[in-house]
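# Sequence plus predicted model, see below.
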Amino acid sequence: MGTKERKERQKTEMRESILSAALKLFSDKGFENVTMRNIADEIEYSVGTIYLYFQDKDEIFYELHKMGFDEFFKRQLDVQNVKDPLERITEHGLAYIRFAIDHPHYYDLMFISRVPAKIINEQEDWSSGTRTYDLLKLNIAQAKEDGYFKDVEVEVAAFSLWSFVHGISSLFVRDRLKMIPQESIGSLVSGALKFLERAY
């Protein structure tokens, strides 16, 4: 490996170290309680080093938020080929909850913390979050064409379903669902979805 390639690899590794440390600190302590110096101390580098990669912690937060939603969207696409629209929506719900369980720090930053809204709204090119919700609405529209959710608007059904899986995910992330084993999630989501479909 040449000098140039080695330097690029070192830069990439440093950037990943900064993001990894910031992710944990933001989730554990809260975005507003973390400083650039805290992040530097976590990886045992000078604060000046952090500023070589990110201009401030808002930029770090935005990058983490985008990374989380990119992975989240990938998981949604992985189940998009399920033929039956209602079953597909169920699989999307399960993928949503599994993401929260597998990546609690990311989920906390993406959906629970109140800080991202201000930062994300300032980014005109941000679309990582909206495309996942758009995909849910698309699937609901296709389900309506097949006779499901007949008497409800797409927006209402999307909001209801998202609120449902978000509630379960948030409770898991905050360790408030100890009474429900993880292996029961699938049947819980499927049953609740059928209940919602009948209600509409």
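Received the coordinates, thanks. Residues are numbered from 1 along each chain as shown.
# Flag the helix or strand of the chain with the lowest per-element mean pLDDT.
Sorted by mean pLDDT, DSSP states H and E, the helices and strands of the chain end with helix 116-121, the least confident at a mean of 58.
# Could you pull out the buried residues of whichever helix or strand comes after it?
Where DSSP states H and E defines the elements, the next helix or strand beyond helix 116-121 is helix 128-145. Residues 128, 129, 132, 135, 136, 137, 139, 140, 142, 143, 144 are the ones in helix 128-145 that count as buried (16 or more other Cβ atoms under 10 Å). Backbone N, C-alpha and C define where each C-beta goes, glycine included.
# domains of this structure?
1-54, 57-199 (automatic domain parsing).
# Out of those domains, which gets the lowest mean score?
Lowest mean pLDDT of those: domain 57-199, a mean of 84.
# Mind telling me what element residue 83 is part of?
Residue 83 belongs to no helix or strand, assigned by DSSP H and E.
# Which residues are in contact with it?
Shown in contact with residue 83 (Cβ atoms under 8 Å, 6 or more residues apart in numbering): no residues.
# now the strands: where do they sit in the chain?
With DSSP state E, there are no strands along the chain.
# Do a quick rundown of the helices in it.
3-29, 36-43, 47-51, 57-78, 85-102, 104-107, 116-121, 128-145, 154-173, 185-199 (DSSP state H).
# Would you mind telling me which of the ones you listed is nearest residue 179?
helix 154-173 (10.3 Å; Cβ to Cβ).
# name the helices or strands packed onto the closest one?
Here helix 154-173 touches helix 85-102, helix 104-107, helix 128-145, helix 185-199, going by 3 or more Cβ pairs under 8 Å, 6 or more residues apart in numbering; DSSP states H and E.
# for the shortest one, packing partners?
Helix 104-107 is packed against helix 3-29, helix 57-78, helix 85-102, helix 154-173, with contacts defined by 3+ Cβ pairs under 8 Å, 6+ apart.
# Output these as JSON lines; include the columns distance to residue 50 and mean neighbour count.
Supplementary listing: the helices and strands packed on helix 104-107 in JSON lines, determined by distance: least, Cβ to Cβ, whole Å; neighbours: other Cβ atoms under 10 Å:
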{"stretch": "helix 3-29", "distance to residue 50": "6", "mean neighbour count": "15"}
{"stretch": "helix 57-78", "distance to residue 50": "8", "mean neighbour count": "18"}
{"stretch": "helix 85-102", "distance to residue 50": "27", "mean neighbour count": "20"}
{"stretch": "helix 154-173", "distance to residue 50": "27", "mean neighbour count": "17"}
